[in-house]
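Q: I'll drop the sequence and a predicted model, then ask my questions.
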Amino acid sequence: QVQLVEAGGGLVQTGDSLTLSCAASGRTVSSYSMAWFRQAPGKAREFVAFIAWNTGATTYAESVKGRFTIARNGPENTSLQMSRLKPEDTAVYFCASYSTGRYDSAGSWHYWGQGTQVTVSS
């Protein structure tokens with residue numbers, strides 16, 4: 001079993017920066033890839049960023065590429081640094097661990113945190 005806890009969300013203005021963190025605990029968590037997803041009201045959960053556990057390779061959604069950075073800060077902590085935030089980035093952000101399918105599909109991920117709200121005002 002893996003437990004994930006996100007933190008760092010808040011209310012910011014357009015153009016601001018914010019860093020989210022995800023603390024993981026449980027068995028073999030260091031051997032699992034990690035990802036961030038987000039879900040806006042009335043919309044499906046969408047992929048944001050992925051980092052591979054073994055190579056550290058990263059992948060981003062087109063909508064955040066160049067503005068967001070995912071990083072693994074030790075085996076149990078993953079961050080999402082967000083810059084030049086836009087109102088359309090407003091959502092609940094979730095970290096996820098252990099995928100058995102496509103990294104960009106929410107249904108492939110087995111463990112989820114409770115989410116942290118990010119609100120970007122215009």
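A: Cool, got the structure. Numbers count the residues shown, from 1 in each chain.

Q: So which residue is dead centre in this protein?
A: Relative to the mean C-alpha position of the chain, the nearest C-alpha, by C-alpha atoms, centre = their mean, is the one of Trp36, at 2.0 Å.

Q: The spatially closest residue to that residue that is not a sequence neighbour: neighbour count?
A: With C-beta to C-beta, 6 or more residues apart in numbering as the measure, Val48 is the residue that lies nearest to Trp36, at 4.3 Å, once sequence neighbours are left out. (C-beta placed from N, C-alpha, C; glycine too.) Here the number of neighbours of Val48 (other C-beta atoms under 10 Å) works out to 25.

Q: pLDDT wise, what is the residue nearest to the centre of the chain at?
A: Per-residue confidence for Trp36 comes out at a pLDDT of 98.

Q: cool, Ser105 as well?
A: Value for Ser105, per-residue pLDDT: 96.

Q: ok, now how distant is it from Phe37?
A: 10 Å (C-beta to C-beta, to the nearest Å).

Q: Which one of those two is surrounded by more residues?
A: For Ser105 versus Phe37, neighbours defined as other C-beta under 10 Å are more numerous around Phe37 (24 against 13).

Q: Show me what the more buried one bridges to in the sheet.
A: Beta bridges link Phe37 to Phe47, Phe94, judged by DSSP bridges.

Q: Contact partners for it?
A: Listed by C-beta atoms under 8 Å, 6 or more residues apart in numbering, the contact set of Phe37 reads 45-48, 93-94, 96, 106, 109.

Q: Any of these buried? List them.
A: Neighbour counting by 16 or more other C-beta atoms under 10 Å classes 45, 47-48, 93-94, 96, 106, 109 among these as buried.

Q: out of those residues, what pair is the most spread apart?
A: Taking C-beta to C-beta as the measure, the buried ones among the contacts of Phe37 reach their widest spread between Tyr93 and Trp109, a distance of 13.8 Å.

Q: picking that back up, look up the residues that both of Ser105 and Phe37 are in contact with.
A: By the contact definition C-beta under 8 Å, 6+ apart, Ser105 and Phe37 are jointly contacted by Phe47.
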